[in-house]
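*Asks:* Dropping the sequence and predicted coords here.
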Amino acid sequence: MWEYTDKVQEHFLRPHNVGEIENPSGLGDVGSLACGDALKLTLKIEDDVIVDAKFKTFGCASAIASSSALTIMVTGMTVDEAEKLTNDDIADYLGGLPKEKMHCSVMGREALEAAIADYRGVILPMAEGEVVCECFGVTDLDVIRAIKESDLRSVEEITNFTKAGGGCGKCEDKLRDLLQATISETPVVPVTADGPKRLTTLQKIKKIEEVLEREIKPALKKDGGDIELVDVDGDFVMVSLRGACTSCAKSQTTLKEYVEKKLRELVLDTLIVEEVK
Ligand code: FES
């Protein structure tokens, strides 16, 4: 069950600006009914100022609330101001969205970009990307952008923000490759009390092993679980997990999330834990 803020509920139950502007200055039509979410945004623009915005959407409560919020946010903005809006701005306006529903705010941002591009008569570069997720028609450029903009660190997070990987799952390997390639483009230079410090692979493995032995294994063993380090490749930490963790279950955190959180806290905040069998 998702937890929605009061503002999300308010915009879902009484959405603003539902409908379609006739002869709009800009039209953004994104998503598809086949993929489960679609949004049509129409803008009326006068002297480069958005004077009216309307939407029609097919989607969940978060999609309706995000679209409604978006129309309110952009009305009165210049086109230049509106194009700087991010999906995080939409989510923040609503007081937050469940992490699994962040793709609804992304869809709002995409519709806005498409409507502005239509107004300006330009073609968005995203249209040139290669589709990596057939189920949801998500391109490699969509995924790379989401990883960079929202600092995504796992395939699960990519699914939350783009929906890619949320269907048959066949694209998961491609998503993992894109994640690894995108993250490794940016050299990791963690900042410590003594200033920036780069960890060598050997140092990283040693620190991970120390934290596993000192912090993580004892906690898991209390619940009859255990963990083995299998490999480290860049920021990816491959582990084999056993058993359950009562404290994790209580907080609805998965075992993998618990291990990742600890390693990020105590070793490097860019580490990504992958479970291998
Ligand atoms: S191809 Fe990506 S979920 Fe099916």
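*Replies:* In hand now; what should we look at? Being a predicted model, the structure only gives us computed values, none of them experimental.
*Asks:* Tell me if I'm right that residue 201 and residue 232 touch.
*Replies:* Yes: the pair residue 201 and residue 232 passes the contact test of C-beta atoms under 8 Å, sitting 6.7 Å apart. In short, each C-beta sits where N, CA and C put it, glycine included.
*Asks:* same question for stretch 122-132, mean pLDDT?
*Replies:* On average, the pLDDT along stretch 122-132 is 73.
*Asks:* Quick one: end-to-end length of that stretch, please.
*Replies:* For stretch 122-132, the first-to-last residue distance is 24 Å (C-alpha to C-alpha, to the nearest Å).
*Asks:* picking that back up, comparing residue 201 and residue 232, which shows the higher neighbour count?
*Replies:* residue 232 (17 against 10; other C-beta atoms under 10 Å).
*Asks:* per-residue pLDDT, the closest residue to residue 266 other than its chain neighbours?
*Replies:* Leaving aside its sequence neighbours, residue 266 sits nearest to residue 211 (C-beta to C-beta, 6 or more residues apart in numbering; 4.7 Å). We have a pLDDT of 87 for residue 211.
*Asks:* ok, now which ones touch residue 211?
*Replies:* 262, 263, 266, 267 (C-beta atoms under 8 Å, 6 or more residues apart in numbering).
*Asks:* Take those and keep only those in helices.
*Replies:* Using DSSP state H, 262, 263, 266 are the members of those that sit in helices.
*Asks:* which non-adjacent residue is nearest the second one?
*Replies:* Sequence neighbours aside, residue 271 is the residue nearest to residue 263 in space, at 4.8 Å (criterion: C-beta to C-beta, 6+ apart).
*Asks:* Do you know the pLDDT at the one you found?
*Replies:* Per-residue pLDDT puts residue 271 at 85.
*Asks:* now residue 21
*Replies:* 96.
*Asks:* helix/strand/coil for residue 54?
*Replies:* Following DSSP: H, G, I helix; E, B strand; the rest coil, the label given to residue 54 is strand.
*Asks:* Return the distance of it relative to residue 220.
*Replies:* 53 Å (C-beta to C-beta, to the nearest Å).
*Asks:* Neighbour count: these two, which is higher?
*Replies:* Neighbour totals were compared for residue 54 and residue 220, and residue 220 leads with 23 against 20 (other C-beta under 10 Å).
*Asks:* Report whether the expected contact of residue 71 with residue 17 is present.
*Replies:* Yes: counting by C-beta under 8 Å, residue 17 is a contact partner of residue 71 at 3.8 Å.
*Asks:* Which one's more surrounded, those two?
*Replies:* Comparing residue 71 with residue 17 by neighbour count (other C-beta under 10 Å), the higher total belongs to residue 71, at 24 against 19.
*Asks:* Tell me the buried residues in the helix or strand the residue nearest to residue 266 falls within?
*Replies:* Element membership of residue 211, judged by DSSP states H and E, is helix 201-211. Buried positions in helix 201-211, judged by neighbour count with 16 or more other C-beta atoms under 10 Å: 204, 205, 207, 208, 211.
*Asks:* Good, we can wrap up now.
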